[in-house]
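In: test case, fold it:
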Amino acid sequence: MGTLQDQITLLILFLLRKYVNKAILLINSSDNLIDDLHLDPMDVKYLVVKIENEFQIYFDDDEFNQIKTISDITNLVIEKKNLVSSKV
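Out: Residues are numbered from 1 along each chain as shown. Sure thing, here's the model as predicted:
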């Protein structure tokens, strides 16, 4: 089934598929969203909103500005979900 990080990355890749012309299996978590995957900044914003909705989290402006790669998104999702769980 994979680690939590693998599962989150897979879901992010699923959401990303609309924005890239590259086969999902060829995308690496270290790929830069703009430089490697050729998303424009607005596509990145739309992707982040979809991820926020999917995981029921919110990235503030500082966190959003940290997002450069799929791995960055995965790590922020894990961090946010842990914060949410620890408050319950």
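
In: please enumerate the helices of this structure.
Out: 4-16, 41-55, 61-66, 70-87 (DSSP state H).

In: pull out the buried positions in the second one.
Out: Under the neighbour-count criterion of 16 or more other CB atoms under 10 Å, helix 41-55 has 43-44, 47-48, 50-51, 55 buried. To be clear about C-beta, it is placed using only N, CA and C from the backbone, and glycine gets the same treatment.

In: pLDDT and distance to residue 27 added to these, as a markdown table?
Out: Output for the buried residues of helix 41-55, formatted as a markdown table (pLDDT from 0 to 100; distance: CB to CB, whole Å):
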| residue | pLDDT | distance to residue 27 |
| --- | --- | --- |
| 43 | 95 | 14 |
| 44 | 96 | 14 |
| 47 | 96 | 13 |
| 48 | 97 | 17 |
| 50 | 96 | 16 |
| 51 | 96 | 15 |
| 55 | 94 | 19 |
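
In: relative to residue 4, which of those is nearest.
Out: Comparing the buried residues of helix 41-55 against residue 4 with CB to CB places residue 55 closest, at 11.9 Å.

In: next up, the contacts around the residue nearest to the spatial centre of the chain.
Out: Closest to where the C-alpha atoms of the chain average out (CA atoms, centre = their mean) is residue 73, at 3.5 Å. By CB atoms under 8 Å, 6 or more residues apart in numbering, the contact set of residue 73 is 12, 48, 51, 67.

In: one step back: for the buried residues of helix 41-55, which one is nearest residue 32?
Out: Checking the buried residues of helix 41-55 one by one against residue 32 (CB to CB), the nearest turns out to be residue 44, at 10.4 Å.
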